[in-house]
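[1] Need the 3D shape of this:
(2 chains)
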Protein chains: 2
Amino acid sequence: MPLVECVPNFSEGRRLEVVDALVAAVASAPVHLLDVSSDPDHNRSVITFAGEPDAVIEAAYHAVRAAAERIDLRAHRGEHPRMGAADVVPLVPLRGISLAECAALAHRLGQRIADQLQLPVYYYEAAALRPERASLADVRRGGYEGLVEQITIDPARAPDAGPASVGSAGAVIVGARNPLLAFNVYLDTDDVDIARAIAQTIRASSGGLPFVRALGLLVGGQAQVSINVIDYRETGLFEIMEAVRAEARRHGVGVARSELVGLVPQAALFNTALAYLQLPPETRRQRLEGRLGDVTGDYRDIGFE
Amino acid sequence: MPLVECVPNFSEGRRLEVVDALVAAVASAPVHLLDVSSDPDHNRSVITFAGEPDAVIEAAYHAVRAAAERIDLRAHRGEHPRMGAADVVPLVPLRGISLAECAALAHRLGQRIADQLQLPVYYYEAAALRPERASLADVRRGGYEGLVEQITIDPARAPDAGPASVGSAGAVIVGARNPLLAFNVYLDTDDVDIARAIAQTIRASSGGLPFVRALGLLVGGQAQVSINVIDYRETGLFEIMEAVRAEARRHGVGVARSELVGLVPQAALFNTALAYLQLPPETRRQRLEGRLGDVTGDYRDIGFE
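    As a prediction, the model looks like this:
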């Protein structure tokens, strides 16, 4: 039974009754709701759910419709780049399904959004139909405001599905990707320029760490390096944190705390522990719960009580 | 259905046919064999298995008997302190059983070893009958050679069960404890004095980190700080590694690599990652596998493929 995860990002993190309506829309299909995470500073929410492909498509479609009805991008303010009420809808292969199959699902979902909701749809990452749309940042460049100006006049901004016109709900970016980590590091300073300088040094696009995207933001009066890890198997959180700390030191500041947003494949945390402790990769096979699970079928945690 | 883990340590890490015989003895009862780890330098093996209480007692008893028949302490050489062929037999509560209930099981096992194998038995940690025997290091002080000299003349060395006389199989130390981590840190030096100095600084018994035991050893020509973590929930691997690295730096050396011996509750690794990354404790509830497991019943890893 294939298991797909869907992690839609919505441009609403303050009006909790709207977030509730989005969650209710997801729950109208037989999927497993895994997480709801709202950020008032970014004015953005991430809902995580998983299930069989058809149910996931159904839940995602209803959530996009609920967002388009309730969120007006013309009035939306927040730190995070965004282009739509339902801004990004990624499908992630968890078990028994490939990334390519998730890309095909993304196309089914996008076509339904385009046909039934009359919203412009862009496909990104593994679902991209044009190479220049593989990167989410490239698709979203200029945000909602830029899209409003350009969509009718610039053929390069023509949507992959749906009308080439933008209403209050903006556009929907639908895609397929492997698990992504959203990792925010708060510095012990309110100097956002330092966060921006660190982000610039570590991100792949300016020659930093591969598979790392990063922005410097001011969040709640604190400088934040906001990081997306595209492939934590290639560039781990240990490597990223070492780089952030070294750069912070160069600027005379330190790391105050950090946070992961949404759900995280536990391997990303194991790998961090192994790297920090200089343990060999085989150590992951020494986990008591893994070994117990292999012989008893019960993989639950032992040690947190 | 209560689940108990048993992690007997045997004084044989070189003759693999003996280790095979010990494993076969364990497997003669209906338990789950989880791990076998032999160390030729320490000349010591650790077998990990788990099961229901009666089966675990049965398996442990047969393994102790097989060790007593095959291992002669009079000819045994190795870096690690030891007092018996089956040197230490700890019972660990995993699920649905308390530490006190495991202590009662330890007493049942010890009595059977004393009665049927005529070996001297000492109870330690949660199973200790005298406060001065709570610590394994105290029970084992002087090793096999010391015990041979003292057991017949020093009333303080009288066993808790079995005869006050020592043969080629030595004594068996039986106990109940919570999960313990065996963590070895290799330094990039062959100067064992540095390892000893670091061990002395970090261990609880000399005023270092609580719940930490440590020895400096020379293993395969490399200085090793050999660490036992009695309660990783109280003193985590992060804190220990930070202390080892700081002390190593003071001595002008570094950490080359490290290893965990046997099976490890995965919380010990999660906690390390959270501490290193400065993530809040709630992050452990953001693990995808945990959340998925709670809704689907399937807690298996997603992200290692």
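[2] A helix includes A:G167, no?
    No: secondary structure of A:G167 (DSSP: H, G, I helix; E, B strand; the rest coil): coil, not part of a helix.
[3] Quickly note the distance from it to A:Y61.
    Applying Cβ to Cβ, to the nearest Å, the value for A:G167 to A:Y61 is 18 Å. Backbone N, C-alpha and C define where each C-beta goes, glycine included.
[4] the more surrounded of these two?
    Taking other Cβ atoms under 10 Å in any protein chain shown, A:G167 and A:Y61 do not tie; A:Y61 has more neighbours (22 against 16).
[5] is the helix or strand that one falls within up against chain B anywhere?
    Per DSSP states H and E, A:Y61 falls inside helix A:53-70. No: against chain B, helix A:53-70 shows no contacts by Cβ under 8 Å from any Cβ of the partner chain, the least distance being 12.8 Å.
[6] Same question for that helix: list its buried residues.
    A:53, A:55-68, A:70 (16 or more other Cβ atoms under 10 Å in any protein chain shown).
[7] Check stretch A:144-160 too.
    Those would be A:Y144, A:L147, A:V148, A:I151, A:R157, A:P159, A:D160, for stretch A:144-160 by 16+ other Cβ under 10 Å.
[8] Filter these down to the ones in helices?
    A:Y144, A:L147, A:V148 (DSSP state H).
[9] Just give me the closest of these to B:V89.
    A:Y144 (66.7 Å; Cβ to Cβ).
[10] how many other residues sit next to the nearest residue to A:D138 once chain neighbours are set aside?
    Nearest residue to A:D138 in three dimensions, chain neighbours excluded: A:E132, at 6.2 Å (Cβ to Cβ, 6 or more residues apart in numbering or on different chains). Around A:E132 there are 9 other residues, counting by other Cβ under 10 Å.
[11] May I have the secondary structure class of A:E132?
    A:E132 ends up helix, using three-state DSSP.
[12] Doesn't A:S45 lie inside a strand?
    Yes: judged by three-state DSSP, A:S45 forms part of a strand.
[13] Surely it touches A:L22?
    Yes: with contact defined as Cβ atoms under 8 Å, A:S45 reaches A:L22; the gap is 7.0 Å.
[14] which neighbours do the two share?
    Contact criterion Cβ atoms under 8 Å, 6 or more residues apart in numbering or on different chains; residues shared by A:S45 and A:L22: A:F10, A:E12.
[15] partner strands of the biggest strand by length in chain A, parallel or antiparallel?
    In chain A, with assignment by DSSP state E, the single longest strand is strand A:86-95. Strand A:86-95 has its sheet partners listed here by DSSP bridges as strand A:3-6 (antiparallel), strand A:9-10 (antiparallel), strand A:172-176 (parallel).
[16] Can you tell me which of the ones you listed is most buried?
    Most buried of the strands paired with strand A:86-95, by mean neighbour count (mean count of other Cβ atoms under 10 Å in any protein chain shown): strand A:172-176, with a mean of 29.
[17] Could you identify the helix or strand that succeeds that strand?
    By DSSP H and E, the next helix or strand past strand A:172-176 is strand A:181-187.
[18] and that following strand, what other elements does it pack with?
    Counting contacts by 3 or more Cβ pairs under 8 Å, 6 or more residues apart in numbering or on different chains; DSSP states H and E, strand A:181-187 packs against helix A:192-202, strand A:222-229, helix A:237-250, strand A:255-261.
[19] For the last one, name the packing helices and strands.
    Identification of packing neighbours for strand A:255-261 by 3+ Cβ pairs under 8 Å, 6+ apart yields strand A:181-187, helix A:237-250.
[20] Tabulate these (TSV), appending mean pLDDT and mean neighbour count.
    Listed next are the helices and strands packed on strand A:255-261 as TSV, based on pLDDT from 0 to 100; neighbours: other Cβ atoms under 10 Å in any protein chain shown:
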stretch	mean pLDDT	mean neighbour count
strand A:181-187	96	22
helix A:237-250	98	19
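[21] Would you format these as a markdown table with distance to A:Q286 included?
    What follows is the helices and strands packed on strand A:255-261, written out as a markdown table (distance: least, Cβ to Cβ, whole Å):
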| stretch | distance to A:Q286 |
| --- | --- |
| strand A:181-187 | 24 |
| helix A:237-250 | 19 |
